[in-house]
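J.: Just a sequence and a predicted model for now, questions to come.
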Amino acid sequence: MKVLLVHPSALMYSEIFLRLEPLGLESIARSIRLEGHEVRLLDLQVFSHKEYLQELPHFGPQAIGFSLNYFANVPEVIDLAKVTRQILPKSFIFVGGHSASFIPESILEHAQEAIDCVVVGEGELTTVRLLESLPATTFHKIPGVVAHDGRGPKPELISDINQLKPARDLTRKRRKYFIGGLDPCASIEFARGCQWDCSFCSAWTFYGQKYRTVDPRIAAQNLAAISEPNVFITDDVAFVDPDQGLAIGREIERRNIRKRYYLETRADVLLRNLDLFAYWKRLGLTNIFLGIEAIDEETLRRLRKRTDTGGNFKALEAARKIGLVVALNIIADPDWDEKRFEVVRNWAISVPEIVHLTINTPYPGTEVWHKEAPELTTLDYRLYDIQHAVKPTRLPLKKFYEELVSTQGVLNRKHLGLKGLWDVFGMAASLCLRGHTNFVKMLWKFSDVYNPERQLADHHREIRYRLTPPVKSDSPPCRKALYVHETKAACRRSRDCQA
Ligand code: B12
Ligand code: SF4
């Protein structure tokens, strides 16, 4: 069967810092290609809608699968599916991905027959089974498939993630992928899932709080197959298992792989494994992202981050000593007033790290979604991108965005001013000389993208698709009920729980 896999456009707010390859779609592409399907992949982060519409008659796919990792992309994917249905009425159209997995019924409803089914959870195995079952109409019984005729059982997690590999040869214009100065940049997975349970995050509910690692030899083999000089490690929390991190490092040395790496981890994981991170610095690790989230104990407790400010600050110091470039995230609460913004701004200016601000956003799939639903001020999918306030702000909304953008601007200028500008200039010039212009273009985009008027105007657009709010409940939902995958672990909250 001819299958076209499509990744939606990037959001402006994320594109200024990075643009990364659609690793999930590449992994699905390889799994179905092994079954004999003819597969093409089109990434709309890099290609236009016009090019997508040209691809349809040109390739003539019998099945089209859209990736929906982000709620903000829901309207775009629904509209693309509707146009595709008109152009190729007999094609089979399906959707999958992180966010789609938490709202499959809503997606089917918005699409009004333009989408045949939603695949929830990991896509590799379910997509193979789904395509194998066609043209029969009983596909809704497959684990992980949700269709108009019903819903199959919850999917199990893939038993051996060592078998998975991305079909990188299918992504066209690979030089468009970058993260900051790591330009061009490929992505790789060393592990899947997260064992923590932060109340604002859906990484743990998607994989049912399970953490699986790739065998170090296979991880290094996959790394060696990458032609780009830079690699982004997609793990939610890198090196939770320090033995795996060390063993991958030894394999990198043995194979003499020379690349630069970017990874994301937690402050406590870094502090527990300083020697490992120092070793990886010698192997080529240049940048790390730490989800610090807050600079006060009360907020950390509320977010259930299971870290404290003392540990977080120690981790920043330790990373500096190792010589890593650290970016960190602070979650801005809609409840912040001018004073709170000022405290955070002053703190952020006082540390040498790159500080990002995102807005506290209840998402379907998180625990806070169920608790905070009555407070939501909008159900417009496009605003669920952690750059817009979807809960009431203490300050007037316009003032809130002004404070947010001026804080982001101060933090941005910190790195583009004087010494920062000099450092960046050196890197930018050398990247331009080598023809890598993604990072350089990004440097000039900041004020176009981060603009309070634009953010405010985003709230006044016509809304065609709305999120369905959760049913109001006084008690937080059972943890297992939030899981996308079937897991054997028992629910820890209540002995009476049936989930
Ligand atoms: C790399 C990454 C990015 C890249 C995007 C890369 C890309 N184009 O795919 C960048 C940096 C651009 C990015 C940006 C953002 N990200 Co991001 N990102 C990730 C990250 C760290 C890894 C993704 C990945 O490659 N995983 C590995 C692959 C193998 O898994 P996968 O993509 O999930 O794919 C599997 C399934 O989802 C499914 N699947 C996926 N697509 C499809 C399609 C079909 C047809 C089927 C059947 C199945 C299927 O099958 C795949 C294989 O099993 C994840 C966290 C994580 N560990 O997954 C966060 C994550 C997905 N991102 C998140 C967020 C919040 C964002 C931003 C909104 C942040 C921001 N404001 O800047 C933006 C918005 C992006 C946008 N719309 O432009 C959240 C999602 C929250 C949500 N529910 O919306 C996550 C879960 C992080 C987190 N812990 O909160 N991100
Ligand atoms: S925020 Fe990080 S540590 Fe917390 S659940 Fe999400 S991925 Fe895990």
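T.: Done, it's in. Residues are numbered from 1 along each chain as shown. Ligands and ions are numbered 1, 2, ... in the order given.
J.: all helices for the stretch 301-450 of the chain, in order.
T.: 309-322, 338-350, 367-372, 397-416, 418-433, 438-443, 446-449 (DSSP state H, counting those that start in this stretch).
J.: between those helices, which gets the lowest average pLDDT?
T.: Of all the helices of the stretch 301-450 of the chain, mean pLDDT reaches its minimum on helix 418-433 (a mean of 53).
J.: separation between L88 and ligand 1?
T.: To ligand 1, L88 is 16 Å away according to Cβ to the nearest ligand atom, to the nearest Å. Using the backbone N, CA and C atoms, a C-beta is placed for each residue, glycine as well.
J.: Ok, D160 next?
T.: 13 Å.
J.: and that residue, what does it touch?
T.: Applying Cβ atoms under 8 Å, 6 or more residues apart in numbering, one finds that D160 lies in contact with no residue.
J.: and what of V484?
T.: When the contact criterion is Cβ under 8 Å, 6+ apart, the partners of V484 are S101, F102, V120, G121, K154, P155, T205, F206, Y207, G208, G365.
J.: Let me know the pLDDT of it.
T.: Predicted confidence (pLDDT) at V484: the value is 95.
J.: Go ahead and report the secondary structure state at it.
T.: coil (DSSP: H, G, I helix; E, B strand; the rest coil).
J.: Number the residues from 824 up from this point.
T.: All set: I'll call the first residue 824, so the last point we hit is now V1307.
J.: distance between the ends of stretch 1197-1205?
T.: The first and last residues of stretch 1197-1205 sit 19 Å apart, counting by Cα to Cα, to the nearest Å.
J.: still on that earlier bit, among the contacts of V1307, which are in reach of ligand 2?
T.: Among the contacts of V1307, no residue is within reach of ligand 2 (Cβ under 6 Å from any ligand atom).
J.: quick one: which of these sit in helices?
T.: Among the contacts of V1307, the residues falling in helices (DSSP state H) are T1028, F1029.
J.: Kindly provide the distance from the residue nearest the centre of the chain to ligand 1.
T.: Among the residues of the chain, N892 comes closest to the average C-alpha position under Cα atoms, centre = their mean, at 6.8 Å. Counting by Cβ to the nearest ligand atom, the separation of N892 from ligand 1 is 5 Å.
J.: In contact with that residue, which residues are there?
T.: G847, G920, H921, S922, A923.
J.: Around the second one, how many other residues sit close by?
T.: With neighbours defined by other Cβ atoms under 10 Å, the count for G920 comes to 25.
J.: Does it touch F894 like I think?
T.: No. With contacts counted by Cβ atoms under 8 Å, G920 stays clear of F894, the gap being 10.3 Å.
J.: And what about V918, helix, strand or coil?
T.: Here V918 is strand, with the state taken from three-state DSSP.
J.: Identify the bridge partners of it.
T.: When bridges are called by DSSP bridges, V918 pairs up with F889, V941.
J.: Check what pLDDT it gets.
T.: V918 is given a pLDDT of 98.
J.: For burial, what's the neighbour tally of it?
T.: V918 sits with 28 neighbouring residues when counted by other Cβ under 10 Å.
J.: tell me which parts of the stretch 1024-1173 of the chain are close to ligand 2?
T.: Counting by Cβ under 6 Å from any ligand atom, the residues of the stretch 1024-1173 of the chain near ligand 2 are C1024, A1026, W1027, D1059, V1060, R1089, G1114.
J.: which ones among those residues are found in strands?
T.: For these, the ones inside strands are G1114, with DSSP state E as the criterion.
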